[in-house]
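1. turn this into a model:
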Amino acid sequence: MNNKKENMAEWFPQSANKQNSPKTKTSTSSNPVVSAPPTRLGVVVGGSLSKGLVVKLESAQSVENLAVGRYVVVHGAEKRFFCMLTDIELNTTTPNIQNDPPNMQDDFLRAVYSGTIAYGTLYVAPMLSIDVDGAPKPVKTIPNHFTEVYNASEQDVNDVFGQEDERHFNIGAPLELEQTQINLDLKRLVERSVGVFGKSGTGKSFLTRILLSGVIARQAAVNLIFDMHNDYGWQVTSENGHSVKGLRQLFPDKVTIITLDEESSRRRDAPYDFSVKIAYADITPEDIAMLKGTMNLTDAMIDACYTLQKRWGDNWIARLLDGRVDDIDEITEHTNVMAGTLAGLQRRLERFERWGFLSREPVTDSVEKIIHFLTQQERSVVLEFGRYGNALDAYMLVANYLSRRIHAEYVQRVEKSLGDSSLEPPQLMIVIEEAHKFLDPMVADQTIFGIIARELRKYKVTLLVVDQRPSGIDEEVMSQIGTRVTALLDNERDISAVLNGINGASSLREVLARLDTKQQAIIMGHAVPMPVVIKNRAYDEVFYSTIAIERNRNVREGGEDMRNTLGSGGKKRV
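-> Predicted coordinates for the structure are as follows:
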């Protein structure tokens, strides 16, 4: 009889606190530190692999202390199931109670009803399973009925996302587990294109700075950043009035600033290495075709560009802007280009004369200088647009012009390196803002950015696109974005675009729509083993100090490596 009582007590515990919790992990150091036991939330009462698991909440737990996006762990008989909380529901054992609710001010009635007749239900989506060997694997089954569910512990998170090291970078902390951290695999991050999405005001620029800081600090890639609003190179003032550092200040020996607007850079005391100038003669009809939407160009006008270049050569833009009568008559008489088309094209291109970075005269090759910084010095390059950042057509022209030529150079270098790996250029990540303008379905097939996204890592060039309207990006291009870092979105089309092609998208939709407006994001794709909701690191003095300490350590280690290479005593060989 006593044995029966013990079995009954084991199967039907009086409270969650008396329930045996899973064994806690201890460190492998000589002084083991035992982590606090995780909190039992409830038991699995139903569900499926495709729709997720249904968990009956313990009476001791309050639904008010739970939030979608947090992690829970189901402790099965042979493995742990790492899951994300996707929905919370209130249930009752009888519908009659809804018609005649009890007086919950009465302590006795509250104790009787709570957790028994009226209870909470959690919906959790299994993301990974962890076998006895500790290796996270894709979920291919589900746990048994009445398997216990616990809050994820620090050890659980570390088992999935690993420790921070030379390849992994701390991007932030999972929700309600701020004592641990989520570490991105930077090698996997840069080998495919990356998207940073979120509506205006959600902190996309801060997220991008943190990502770029990790890439630069770990030397995972060099970056070419088309800085539309001068957010990344030098210090700027944040929305709360505080001054925040740029990448050049964090990495003075690894980041170079160049500018389109020297006056703006001098006014902000932003040091720059040179100003970018582009000659009319270097602009091709392909560059103009990219501006079809922003400059309201017709197909006939685009065709006219090719005709003018064929008849007049590289100086076609200057001759068109001059608009001499005999030149116009020559084109209309000897080609099928109409005078009205030429006049419309001329009016639209007249804005070129207001852009100080364009020149009628030959200029120094900016592409060659940028290539030198990227490949020879392995420094990231930030191109500040100054006042021209407010002109979307100027931004698109310059970004497309430089990216096409740099990509062509990378293609040549990668092909040459097939026989000699020492000639291989470093991985390059090109950062563009307002990406939907470059990757619109109407023009994505024609732009260099659409080509780069589709090539994946073939020529060691990928994209980091920053955008608030991901639904405007071509669906095929979107499918090639390996890692998606997404802050709050409230447009259904944008949410659908971000989740397109992601496993368990239906369960993640509610999570994505309920992110905080600041300092929260969900990361999905190639650089993380499973979708994760994070509170991203603050971009503040603590972050700056951490980066500085790491940079100084790398300098010291680099010095040690150099001395070992040159010989004992650190004496240079002559």
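
2. do I have it right that Glu476 meets Arg454?
-> Yes. Counting by Cβ atoms under 8 Å, Arg454 is a contact partner of Glu476 at 7.4 Å. Every C-beta, even on glycine, is put in place using the N, C-alpha and C of the backbone.

3. what sits against the closest residue to His526 other than its chain neighbours?
-> Residue nearest to His526 in three dimensions, not counting chain neighbours: Gly482, with 3.5 Å by Cβ to Cβ, 6 or more residues apart in numbering. Gly482 makes contacts with Arg188, Leu189, Glu191, Arg192, Ser193, Val194, Leu456, Gly525, His526, Ala527, as judged by Cβ atoms under 8 Å, 6 or more residues apart in numbering.

4. also Thr259?
-> So Thr259 contacts Ser265, Ala270, Tyr272, Ser275, Val276, Leu383, Glu384, Phe385, Gly386 (Cβ under 8 Å, 6+ apart).

5. neighbour-wise, which of those leads?
-> For the contacts of Thr259, the largest neighbour count, defined by other Cβ atoms under 10 Å, is 30 neighbours, found at Glu384.

6. separation between that residue and Arg40?
-> Relative to Arg40, Glu384 is positioned 54 Å away (Cβ to Cβ, to the nearest Å).

7. Ile430 too?
-> Taking Cβ to Cβ, one finds Ile430 at 48 Å from Arg40.

8. with Leu345 instead?
-> Counting by Cβ to Cβ - Leu345 and Arg40 are separated by 71 Å.

9. same check, this time on Val55
-> 11 Å.

10. swap in Lys140?
-> 26 Å.

11. what about these two, which has more around it?
-> Using other Cβ under 10 Å as the criterion, Lys140 and Arg40 rank with Arg40 on top: 21 against 8.

12. who does that one bridge with?
-> Per DSSP bridges, the residues bridged to Arg40 are Tyr150.

13. that one contacts Lys56, doesn't it?
-> No. Arg40 is beyond contact range of Lys56, at 11.7 Å (criterion: Cβ under 8 Å).

14. for the stretch 51-200 of the chain, what spans make up the strands?
-> 52-57, 71-75, 80-92, 118-130, 136-138, 148-151, 168-174, 182-185, 193-197 (DSSP state E, counting those that start in this stretch).

15. got the domain ranges for this structure?
-> 15-20+36-161, 182-277+364-486, 280-354 (automatic domain parsing).

16. now those as TSV including distance to Ala173 and mean pLDDT?
-> Listed next are the domains of the chain as TSV, based on distance: least, Cβ to Cβ, whole Å; pLDDT from 0 to 100:
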stretch	distance to Ala173	mean pLDDT
domain 15-20+36-161	9	84
domain 182-277+364-486	7	90
domain 280-354	40	91
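
17. where along the stretch 151-300 of the chain do the helices fall?
-> 154-161, 186-190, 204-217, 247-250, 262-267, 285-289, 299-312 (DSSP state H, counting those that start in this stretch).

18. out of these, which comes closest to Lys535?
-> Lys535 lies closest, by Cβ to Cβ, to one member of the helices of the stretch 151-300 of the chain: helix 204-217, at 11.5 Å.

19. got the buried residues for that closest one?
-> Buried residues in helix 204-217, counting neighbours by 16 or more other Cβ atoms under 10 Å, are found at 204-217.

20. Arg379 versus Arg354, what's the distance?
-> Arg354 is 32 Å from Arg379, by Cβ to Cβ.

21. who has more neighbours, these two?
-> Neighbours per residue, other Cβ under 10 Å: of Arg354 and Arg379, the larger number sits with Arg379, 18 against 10.

22. mind checking what helix or strand follows the helix or strand harbouring Gly344 in sequence?
-> Gly344 belongs to helix 339-349 when assigned by DSSP states H and E. Toward the C-terminus, helix 339-349 is succeeded by strand 358-359 as the next helix or strand (DSSP H and E).

23. packing partners for that following strand?
-> strand 278-279 (3 or more Cβ pairs under 8 Å, 6 or more residues apart in numbering; DSSP states H and E).

24. show me what the strand it packs on is packed up against.
-> Against strand 278-279 (3+ Cβ pairs under 8 Å, 6+ apart) you get strand 358-359.

25. buried ones in the helix or strand following the strand it packs on, by neighbour count?
-> As assigned by DSSP H and E, the chain's next helix or strand after strand 358-359 is helix 366-371. Neighbour counts using 16+ other Cβ under 10 Å place Ser366, Val367, Lys369, Ile370, Ile371 of helix 366-371 among the buried residues.

26. next one: the residue nearest to Asp314 when sequence neighbours are not counted from Asp287, what distance?
-> Nearest non-adjacent residue to Asp314, counting by Cβ to Cβ, 6+ apart: Ala281, 4.0 Å away. To Asp287, Ala281 is 12 Å away according to Cβ to Cβ.

27. ditto for Ile210
-> 33 Å.

28. Val194 against Gln480, yeah?
-> No. If you go by Cβ under 8 Å, Val194 and Gln480 don't touch, sitting 11.0 Å apart.

29. so these two - more neighbours on which side?
-> Neighbour count, other Cβ under 10 Å: between Val194 and Gln480, Val194 has more, with 25 against 18.

30. what's the neighbour count on Gln155?
-> Per other Cβ under 10 Å, the neighbour tally for Gln155 reads 15.

31. check contacts around Glu164.
-> Counting by Cβ under 8 Å, 6+ apart, Glu164 has contacts Asn170, Gln181, Asn183.

32. could the residues you listed go into CSV alongside distance to Asn336 and neighbour count?
-> Below are the contacts of Glu164 laid out as CSV (distance: Cβ to Cβ, whole Å; neighbours: other Cβ atoms under 10 Å):
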residue, distance to Asn336, neighbour count
Asn170, 61, 19
Gln181, 64, 21
Asn183, 60, 22
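
33. now, among those, which is nearest to Val160?
-> Asn183 (10.0 Å).

34. doesn't Pro174 make contact with the closest one?
-> No. Here Asn183 lies out of contact with Pro174, judged by Cβ under 8 Å, at a distance of 11.2 Å.

35. so how far is Leu508 from the closest residue to Arg514 other than its chain neighbours?
-> Counting by Cβ to Cβ, 6+ apart, Val68 is the residue found nearest to Arg514 once chain neighbours are left out, at 5.7 Å. Distance of Val68 to Leu508, given as Cβ to Cβ: 10 Å.

36. shared neighbours, those two?
-> Thr86.

37. sorry, back to before: give me whichever of the strands of the stretch 51-200 of the chain is most buried.
-> strand 193-197 (a mean of 27; mean count of other Cβ atoms under 10 Å).

38. quick one: strands adjacent to that one?
-> strand 461-467 (parallel), strand 481-486 (parallel).

39. can you list those in a markdown table and add distance to Arg493?
-> Below are the strands paired with strand 193-197 laid out as a markdown table (distance: least, Cβ to Cβ, whole Å):
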| stretch | distance to Arg493 |
| --- | --- |
| strand 461-467 | 13 |
| strand 481-486 | 14 |
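
40. looking at those strands, which is nearest to Ser238?
-> That would be strand 461-467 among those, by Cβ to Cβ, at 16.7 Å.

41. residues in contact with the helix or strand following that closest one?
-> Note on strand 461-467: by DSSP H and E, the next helix or strand toward the C-terminus is helix 475-479. Residues from elsewhere that reach helix 475-479, judged by Cβ under 8 Å, 6+ apart: Gly195, Leu439, Pro441, Ala444, Gly450, Ala453, Arg454, Pro470, Ala497, Asn500, Gly501.

42. 7 Å - rerun?
-> Leu439, Ala444, Gly450, Ala453, Pro470, Ala497, Asn500, Gly501 (Cβ atoms under 7 Å, 6 or more residues apart in numbering).
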